[in-house]
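Asks: Structure of the sequence below:
(one chain, ligands or ions: 1)
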Amino acid sequence: MSQLWPFLVLGLASGGAYALTAVGIVTVYRGTGVINLAHGAMGMVGTYVFFQLFKQEKLPASIAVPAGIVAGAALGAIVYAVVMRPLRNSIELARLVATLGVLMVLQGLATVIYSERVRIVKSFVPDGALHLWGASMSYGTIVVLGVTILLAIGLATLFRRTRLGLSAAAVQENPDAASVLGVSPHASGLLMWTIGGALASAAGIVLVPTTGLSPSGLTLLIFPALAAALFGKFTKYPSTIIAGLAIGILESLFVAYQWDSAFIKIIPFGVIIVALMVGGSTLPGRGHAEQRLPRIGAGLLRPPVILVAAVLAVVAVLFLPVGWAVALTTMAIVSLIALSIVVATGYAGQLSLAPFAIAGATSLFVAHLSRLFHIDIALALVLGIIAATLLGWLVGLPAIRVRGVDLAVATLGFALVIETALLINPKTNGGLNGLPITDPRIFGIPLVAARSPRGYAVFACVVFALAALGIACLRRSRAGRRMAGVRANERGAAALGISVPGAKLAGFAIAGGVAGIAGVLLAFRMQVATFDNFDVFKSINALGWTTVGGLGMIPGAVFAGGAAAGGPFSYILRNVDEIDAWLPVLSGIFVVIVMITHPDGEIDRMKKQFGDLFAKLRGRGAAPAVAAEPPVEPDRTAAEPVSAEVNRASGTDRILPGAERRAGQVLLTVRDVTVKYGPVKAVDAVTLDVVGGAVIGVIGPNGAGKTSLIDSITGFATASGSVSLGGRELIGLSATKRSRAGLTRTFQNLELFVDLTVRENLLAAADRRDLLGYASGLIRSGPHELSGVAATAVALLGLEELLDRQVMDLPQGTQRIVAIARALASEPEVICLDEPTAGLSGTERAEVITAIRALVETAKIGVLLVEHNLDVVAGLCDTVVAIDFGRVIAQGAPEEVLGRPEVRQAYLGSHELPEQQAIAPKKETVS
Ligand SMILES: Nc1ncnc2c1ncn2[C@@H]1O[C@H](COP(=O)(O)OP(=O)(O)OP(=O)(O)O)[C@@H](O)[C@H]1O
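Replies: Coordinates of the predicted model:
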């Protein structure tokens, strides 16, 4: 132990730095909900100010240190005012990418002014150390630790005790709270970013004596700091500081034991990923706000656009100077990486910061295969794709229980591990010599980029085109719908029988495979493969540029490839004076502007502009932007009477098979079901039966436990007791499995796939759930026709005219009807409807009642209906169960139950129950 002690003390020094940086990251996140990738860069600016005054101007530390901190604070305020304030209500990812833009600008400017040279900065703290049991702790370390702990205490107090801090945290969780609290969200936002900037500078100033000062050095601090912040769930200072210190100490111990440096990265991130997964859940809870992502494309192929792109590529590769062929090769390869981001994040909604790491690992893998077995490029592609798909799947495993930025940081951990353990490890990467690629050939034909750049460019472009076609096909297939459904709403997807973890992992695996193709192309590009070009910042940059292009669209990936260093854009600008120095700054400014003005990306903006232009040329005036279109209440009253629609739908009993089997049978039995949320018993030993061809209504005041009952029956809440469908016990099964067994539901807050069309929502509900679909989707899209049941639901509910409208563009009432149609399209035996008519107009309500009645009578499905509106209950239900405080207080025919005094008492606190009107809930509790 005595030998370890000095290393522990040494670890406290770097751990203190991580902790201090993490405290700044947590403050900005807690106050404004943004993970600031530019935190280290902001600190770097304040540190250069300190450096300039302290070292160059020889001013005393008492002036230089506060000046550096004030500069950082001022920068934080400027970044908030110029960049973050306009983005306050924007997509979370747009705000993250905007901080990347800020990082590019700051780092670029610092490089222009100071160059990449690392400066040695003497500590302003007097030399000397405190001697503790044989180890010495420098005064510098003591200052770092002291400052970190004091700041954390101060900030925790700010958030817990002051009005501004409390309101900042509240507004971050719920922006609408601002108006209620009467606080300006901008004042708290400005304060948090100012504090963040000051903290970043303070961290930089105390750190540079050990790390040295350079434009990019401090930026790298963000990785261990993010791990620490993640451990503290981006809110808790004590656990963040402990994690930061622990990471520093662990690193130091690894040095003490001379363990492989790769494990330095593996252990902290590994522990944090495991902790996150244990604490996470496979489905988000009720009331979870789905993160918004940029617009998702439909994967449609436009032959004229493809033709023009192909002609341009052929001309550039074959007839322009050879530099174009090299630039296009780079573009094709980076576009493949960006395409993998389109799949994982754009389509499946999972933030991944590991695509370059996966490409690098694949590159290394096939380079070794080439060295050992002289394999052909075609075989390398096959084996590389298989390996990368598996690696992508592995990287995606945390996504099963971790979401959003937490997931992004977890994948970043994987990327760092891959980088350290494989890519920059001389034991695996061939050392300084790299790995020789012996005699690269494709189908026997030599293909060496150095000797035949045009040939390699054609090959790379063709490979990209094939991959892009495959991914477009995937988007239009049932697998694509599944992924897009999960991206839009995990709970909604699970209720339709979609495996949420399955769709996420498939997204990661396919994305991994696509990144792997890029890795193979990179390995075979040179006659010697090297692996020092796959660092995490490359992945962060690729995510940024793909978002700028259009995260959910394949042309967005092409855009990212075009903008890559060494791609066509930088090739065009190659002769502009000092462009290399200024390009990162200009790019950063561009990234910020795009995120502020059009977070859905440049491709989406161009599409709209061209759409307007073509419309004008055709003399029809500008086409209205879809997002700007106000929701229009469709004229559904003009539809034929529902009974006529039922007839036209050629008999629901024929289309939804099994009506005879179901008629009059108990389909679902619920026995002694109990749900507890901590000490609260939301459902207390409820017992009921759902019979085929009948509707059972569940009524009760707000907070009585109705939704919790549906949650427990359908697998969205953990319950004890028994729920069995057709004799099969469902307790213990996931919501997805219960849905596949024939039990589905609607939700009070709908949980629709709002950025998909009505048709896609219905198709997603009716699609086959085969695993093979993820592979076959790459070559065969469709089906695009609605199933018989879905068509029946559409006809019954009068949605024919709205099939190709995006759900988010429809009014709330119509969305509620779409939710019912979608649930029916999944062909359930039993359906639980949670307040299906809330917010509907009188006509719509009547229509929904008739449609449900028609379905129950003809298809003989069982319906469990939760409703506040007594007209609906009376009009639909054969039996009614009244519950209060989770317990059944009455059960029987509607008129009998509604007449019971205890039911009236539960609702109104009196025995008066107004006839023929909705029962106003008695309690204040909000579900
Ligand atoms: N996730 C949760 N954690 C803790 N308590 C919860 C949770 N969800 C619901 N509750 C509590 O359980 C009780 C039943 O809530 P539930 O939403 O099921 O009632 P409800 O009858 O559906 O109400 P409403 O008519 O308003 O929808 C309430 O006291 C509610 O506050």
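
Asks: Helix or strand for Gly455, just tell me which one.
Replies: Element membership for Gly455, per DSSP states H and E: helix 453-476.

Asks: following that helix, which helix or strand shows up next?
Replies: Heading C-terminal from helix 453-476 (DSSP H and E), you reach helix 478-488.

Asks: what's that following helix in contact with?
Replies: Contacts to helix 478-488, defined as C-beta atoms under 8 Å, 6 or more residues apart in numbering, come from residues 290, 293, 296, 299, 343, 347-350, 474-475, 492-493, 496, 498, 500, 503-504, 506-507, 752-756, 760-761, 763-764, 767-769, 773-774, 776-777, 781-783. Placement of C-beta: from N, CA and C, glycine included.

Asks: which of these are buried?
Replies: Neighbour-count burial (16 or more other C-beta atoms under 10 Å) applied to the contacts of helix 478-488 gives 290, 293, 296, 299, 343, 347-350, 474-475, 492-493, 496, 498, 500, 503-504, 506-507, 752-756, 760-761, 763-764, 767, 773-774, 777, 781.

Asks: and those residues near the ligand, which?
Replies: Among these, no residue is within reach of the ligand (C-beta under 6 Å from any ligand atom).

Asks: Let me see the contact set for whichever residue of the stretch 401-550 of the chain sits closest to the ligand.
Replies: Per C-beta to the nearest ligand atom, Arg491 is where the stretch 401-550 of the chain lies closest to the ligand, at 12.8 Å. Counting by C-beta under 8 Å, 6+ apart, Arg491 makes contact with 283-284, 286, 288, 716, 735, 747, 751.

Asks: Tell me the most packed of those residues, by neighbour count.
Replies: Counting neighbours by other C-beta atoms under 10 Å, the top entry in those is Ala735, with 27 neighbours.

Asks: Look up which helix or strand the residue of the stretch 401-550 of the chain closest to the ligand falls in, please.
Replies: Using DSSP H and E, Arg491 falls in helix 490-495.

Asks: Count the residues that sit near the closest residue in space to Ala518 that isn't next to it in sequence.
Replies: Residue nearest to Ala518 in three dimensions, not counting chain neighbours: Leu336, with 3.9 Å by C-beta to C-beta, 6 or more residues apart in numbering. By other C-beta under 10 Å, 27 other residues sit near Leu336.

Asks: before we move on, what about the one 4 residues further on?
Replies: Taking other C-beta under 10 Å as the criterion, the count of residues near Ser340 is 36.

Asks: Would you agree it falls within a helix?
Replies: Yes - under DSSP: H, G, I helix; E, B strand; the rest coil, Ser340 falls within a helix.

Asks: residues near Tyr456, how many?
Replies: Tyr456 has 26 neighbours, counted by other C-beta under 10 Å.

Asks: should've said Ile445
Replies: The number of residues near Ile445, taken as other C-beta under 10 Å, comes to 12.

Asks: Need phi/psi at it.
Replies: Main-chain dihedrals, Ile445, degrees, to the nearest 10: phi -90, psi 130.

Asks: For it, name its beta-bridge partners.
Replies: Ile445 has these beta-bridge partners by DSSP bridges: Ile442.

Asks: ok, now how distant is it from Val326?
Replies: 20 Å (C-beta to C-beta, to the nearest Å).

Asks: what do you get for Ala542?
Replies: Noted for Ala542: a distance of 19 Å to Val326, by C-beta to C-beta.

Asks: The helix or strand where Val366 lies: what's the following helix or strand?
Replies: Using DSSP H and E, Val366 sits in helix 355-373. Once the chain leaves helix 355-373, the next helix or strand it forms, by DSSP H and E, is helix 377-396.

Asks: measure Ile91 to the ligand for me?
Replies: Distance check for Ile91 against the ligand: by C-beta to the nearest ligand atom, to the nearest Å, it reads 27 Å.

Asks: what's the neighbour count on the residue lying closest to Leu505 once chain neighbours are set aside?
Replies: Computed as C-beta to C-beta, 6+ apart, the closest residue to Leu505 that is not its neighbour in sequence is Gly396, at 5.1 Å. Using other C-beta under 10 Å, Gly396 has 27 neighbouring residues.

Asks: any idea how far the host helix or strand of Lys737 is from the chain center?
Replies: Assigned by DSSP H and E, Lys737 belongs to helix 735-741. Centroid displacement of helix 735-741 relative to its chain, using C-alpha atoms, centre = their mean, to the nearest Å, is 24 Å.

Asks: So what touches it?
Replies: Residues contacting helix 735-741 (C-beta under 8 Å, 6+ apart): 283, 491, 494-500, 714-716, 725-726, 728, 730, 733, 769, 826, 828.

Asks: Please give the number of neighbouring residues around Ser123.
Replies: Ser123 has 17 nearby residues by other C-beta under 10 Å.
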